[in-house]
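> sequence below, structure please.
(2 chains)
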Number of protein chains: 2
Amino acid sequence: MYTLEEIDRILENCVKLQHISREPANLYEPLDYMMSIGGKRIRPKLCLLTYNLLSDDLNNAILFPAMALEIFHEFTLIHDDIMDRSDTRRGCPTVYRKWNENVAILSGDAMSILAYRYLSYAPEKVLPQALDLFSETAMQVCEGQQYDMDFEDLPFITREDYLEMIGLKTAVLVACSAKMGALIAGAPAEACEALYRFGYQLGIAFQITDDYLDTFGNEKVFGKKIGGDIVNNKKTWLLVESLRRADGDRKQQLENLMLLGEEARSEKVPAVRSLYIDLGVKEAAEAEILVYHRKAMEALSGAGFAPEQTRYLEQFAEALIHREK
Amino acid sequence: MYTLEEIDRILENCVKLQHISREPANLYEPLDYMMSIGGKRIRPKLCLLTYNLLSDDLNNAILFPAMALEIFHEFTLIHDDIMDRSDTRRGCPTVYRKWNENVAILSGDAMSILAYRYLSYAPEKVLPQALDLFSETAMQVCEGQQYDMDFEDLPFITREDYLEMIGLKTAVLVACSAKMGALIAGAPAEACEALYRFGYQLGIAFQITDDYLDTFGNEKVFGKKIGGDIVNNKKTWLLVESLRRADGDRKQQLENLMLLGEEARSEKVPAVRSLYIDLGVKEAAEAEILVYHRKAMEALSGAGFAPEQTRYLEQFAEALIHREK
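Have a look, this model is predicted:
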């Protein structure tokens, strides 16, 4: 079996090799740019890790589909950044800003097609299932993004709404990544399903962690300004839970703070952050992340593999929720 | 074999059946809307016609992939309308206008995924080839659209530039549609390639006809205002050829007219239209359409089918270039 570091190196090599220098430049340069500004490569990594439970043969039939997951993820980010009017990603200008909106739309479209091209390298006997899994997931990601945008206009949402939305927007792609590796390696159906559930619960834990770090992360390590979600009144786990818990004065205080805009950032962010702490929401989030992590571990232990086999997946899951950025 | 009218009815039925009433509404309503505002269904029709050269069995393994071509085409239109800031299509508001830009981006994305879902119904033994053909084509369409946008900023382009651009933006998808039907029906490779070439030449003829009708079509029949391309200085076959032919006074006249904007429409359109006629470009376009039509017929006759078999394809090709809208 490969270690996590070896998997990282193999993936970085794949990223370098898929550099496309084709015409027209305006279509292909943004693709290379997005890939080059990095990222944790969670989805392809998870795919290779689950594949590695059954096989050490890291050939094109698994490497290309693993990269398909990353390329698809990057495609969603390019389009999300247009829809959210985001200026930066990972500390760099978004494609929408670095080029323009039309370039971002079209190069995103090209990325989604490229993802399917790479997925098509999956072995013929599992290709129909790999396609179904990927397409179902891709559609769900669109649904999740639509719900996320719809929610912006609502004064509040329930925890169930939030979980459904992040389930679609984030968790299904992590789940798909976990299942895809096993599928391509020829794992039995029950193992594939267990790994899907593992990925899904891990995806939920990951997103809640993401929400948590945006407010409680260490700015130097995090790589971006703390509190962006607070400024934008983004319906994070923290905000959803706070709106649920707060009443009387604190509710009024929170609602007043939500009326403040970007220009009042230096007042709004610390105030909301304190309110989260006062309401016990910071600790609740930490506990919730652990709940989903545990659900992920339970799913993993039911997948039919020995602990020696799943140890890298466990380390991977640990690192994902105990990360600092 | 099915007649053209029977194929039309089968396709309309498919369009009705693929109505999607799923949540969230903002994601799926635009899909249904785009399908409902009609269109000539050229691409799925061509796919069924070439399939029908070898088989009468119009089952899901061909109907879904045929619809995939239409859905993919509609996806490109939704995104193109954002990038071109178009308000109307087929006399109706564009998705971008009827909803908003974010909805248009995301529902377009969902359509491109849906296209792949439908394509996946192709028979397993040709699925890898069908995917490769579709993905290669889809990528080329993006390239064509990028070139089209790049060309807007250039004072002129050559006829070769124009042909390359419409080859990518329009002709390859018509070619793919023609080849796809044959591929799914299990036609020999040479027949598939000949039908691809047939579709490609027909696609070029179709696009030049499109350019021609925008200036010289009958407005009542055409369904939209004549001269939109002239107003926008779109690099149509007519404009490209006129810039090539005009010199001295006429060149100056054309360049001056190109400086006029939307507000001078009632002056600009008849003036440019007259210049096209004076320069002999109207007749040259009519001749050029027939040249590509003939190339298409030559390719078709080399595909290995008897005239009785290909007669519907010939009628289809005729109707495409002698249409009025």
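
> please make it C-alpha for all contacts and neighbour counts, starting now.
Will do.

> mind giving me the packing neighbours of the lengthiest helix in chain A?
Longest helix in chain A by number of residues (criterion: DSSP state H): helix A:189-216. Judged by 3 or more Cα pairs under 8 Å, 6 or more residues apart in numbering or on different chains; DSSP states H and E, the packing partners of helix A:189-216 are helix A:159-166, helix A:172-184, helix A:228-231, helix A:237-245, helix A:281-301, helix A:307-321.

> who in chain A is up against chain B?
For chain A, the residues in contact with chain B (Cα under 8 Å from any Cα of the partner chain) are A:23-24, A:26-27, A:79, A:83, A:102, A:105-107, A:109-110, A:113-114, A:116-117, A:120, A:124, A:128, A:131-132, A:135, A:138-139, A:142-143, A:146-147.

> which of those are buried? Put it as a ChimeraX command.
If you want just the buried ones from those in ChimeraX, going by 16 or more other Cα atoms under 10 Å in any protein chain shown, the selection is:
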select /A:26,27,79,83,102,105,106,107,109,110,113,114,116,117,120,124,128,131,135,138,139,142,143,146,147
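
> which of the residues of chain A next to chain B fall in helices?
Per DSSP H, the residues of chain A next to chain B map to helices at A:26-27, A:79, A:83, A:102, A:105-107, A:109-110, A:113-114, A:116-117, A:128, A:131-132, A:135, A:138-139, A:142-143, A:146-147.

> distance from the chain centre to stretch A:76-84, please.
Stretch A:76-84 sits 13 Å away from the centroid of its parent chain (Cα atoms, centre = their mean, to the nearest Å).

> and if you look at stretch A:139-149?
Using Cα atoms, centre = their mean, the offset of stretch A:139-149 from its chain centre is 13 Å.

> model confidence over it, on average?
Averaging pLDDT along stretch A:139-149 yields 95.

> quick revisit: could the helices and strands packed on helix A:189-216 go into a markdown table alongside mean pLDDT, distance to A:Glu12 and mean neighbour count?
Converted to a markdown table, the helices and strands packed on helix A:189-216 look like this (pLDDT from 0 to 100; distance: least, Cα to Cα, whole Å; neighbours: other Cα atoms under 10 Å in any protein chain shown):
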| stretch | mean pLDDT | distance to A:Glu12 | mean neighbour count |
| --- | --- | --- | --- |
| helix A:159-166 | 96 | 28 | 17 |
| helix A:172-184 | 98 | 17 | 29 |
| helix A:228-231 | 91 | 29 | 20 |
| helix A:237-245 | 96 | 32 | 20 |
| helix A:281-301 | 97 | 26 | 19 |
| helix A:307-321 | 95 | 17 | 16 |
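
> looking at those helices, spot the one closest to B:Leu154.
B:Leu154 lies closest to helix A:228-231 among these, at 40.5 Å (Cα to Cα).

> quick one: list the elements packing against that closest one.
In terms of contacts (3+ Cα pairs under 8 Å, 6+ apart), helix A:228-231 is packed against helix A:189-216, helix A:265-278.

> deepest in the core, which of those is it.
Highest mean neighbour count among the helices and strands packed on helix A:228-231 (mean count of other Cα atoms under 10 Å in any protein chain shown): helix A:189-216, with a mean of 23.

> isn't A:Thr170 up against A:Ala205?
No - counting by Cα atoms under 8 Å, A:Thr170 stays clear of A:Ala205, with 10.2 Å between them.

> just to revisit the earlier point, can I get the helices and strands packed on helix A:228-231 in JSON lines with mean pLDDT and distance to B:Ala178?
Compiled in JSON lines, the helices and strands packed on helix A:228-231 are given as follows (pLDDT from 0 to 100; distance: least, Cα to Cα, whole Å):
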{"stretch": "helix A:189-216", "mean pLDDT": "97", "distance to B:Ala178": "38"}
{"stretch": "helix A:265-278", "mean pLDDT": "95", "distance to B:Ala178": "58"}
